[in-house]
Each structure stands twice: as C-alpha cells, then as structure tokens.
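**Q** Structure, please.
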Amino acid sequence: MHVGSQRGGAVCRMLPGMMTLGRCLCGAIEFEVSGEPTRGSWCHCSQCRRAHGATPVAWVSFPRSGFRLRRGTPRWYASSESARRGFCESCGSPMLIDDAIDPDGIDIATAILDAAADLGPVRHIWVGSALPWAAPSDPAIPTFQERSTPRPDG
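**A** Modelled structure (predicted):
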C-alpha cells in the first residue's frame, strides 16, 4: 500500500522504509537509493525529451544522502547553468540529474529503478514545453508551466 510523503508541498507515492536498486541498460552502472522520495514528476521539457527520445519522462527525487553507487561511474553532461545529467557511457542510458537548485537531492529516471512500479509521478512539470499530442489530460493531476519547486533566489 502506498502512503503519501509531503515535503514543501510536494507529494509522492512511496513505500515506507524503502531502499531500491537502479541500473543502466547494460548493467555497467548500478546504484542503490534509500530514504523517502521527495518528488515524483512527469517532465515535459525539451531537454528531457531530447535526452530520452521520449515524452514525458518520469523522474523521482531522493535525498542525496541516500544515494550510493555500487558499480561504475556515470558520465556527466552539463545541460544547463545549474544542472548536469548522468548517463552510462557504455549503453547511453540517461539516469540522473544533479541540479544545484536542489543540492540535497538527486533526480533519478524512475524507469531504471527496480521499484519503479511503486514510485509513480504525481505531477506534470514544464507543461509549457509539452508536445500537443503528449499534453497532460487528467485534471486531477497537478500541472506546472515550469518546475514545481521554486528557485532559492525567488
């Protein structure tokens, strides 16, 4: 059964006391993550769309303190002034976002986690960039024109 975790107005479905593994397609990079997820989002931005070749992309955020690499090291690409994207250099799997706007968290592509079925997104972000045929259609799910968390500088 899912329970809700609320932090800063953001709710994410989760399982209590969760620890899960994640890995790239080829298995060269494997990690574990524990703790309560802080956000779960479908992202419609053009960067996620291009990096994943899909839209929207599901992301889940965890406290950085609960993230630990078990095998391999991601290659990083600076995709904006504040964020970099981690991917597997061998198979190309996009995996992580490290964003200076949230220095205590790390964003993980939900689908690469073993517990992906338990970590469904609960909001749509960057819907201002959504493709018309992939725009959110369920009015019960919150939508945000850009990010769902404010920048620290306002």
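
**Q** Spatially, which residue comes closest to the residue nearest in space to the middle of the chain, not counting chain neighbours?
**A** The residue lying closest to the centre of the chain (C-alpha atoms, centre = their mean) is Trp59, at 2.3 Å. Spatial nearest neighbour of Trp59, excluding adjacent residues (C-beta to C-beta, 6 or more residues apart in numbering): Asp107 at 4.9 Å. Using the backbone N, CA and C atoms, a C-beta is placed for each residue, glycine as well.

**Q** so Glu146 sits in a strand?
**A** No. Counting by DSSP: H, G, I helix; E, B strand; the rest coil, Glu146 is located in no strand; its state is coil.

**Q** That one - nearest residue in space that isn't next to it in sequence?
**A** Trp126 (5.8 Å).

**Q** residues contacting the one you found?
**A** Cys43, His44, Cys45, Cys48, Phe144, Gln145, Glu146, Arg147 (C-beta atoms under 8 Å, 6 or more residues apart in numbering).

**Q** Dihedrals phi and psi, the second one?
**A** Which is His44. phi -110, psi 10 (degrees, to the nearest 10).

**Q** give the contact list for it.
**A** By C-beta under 8 Å, 6+ apart, the neighbours of His44 are 55-56, 124-131, 134-136.
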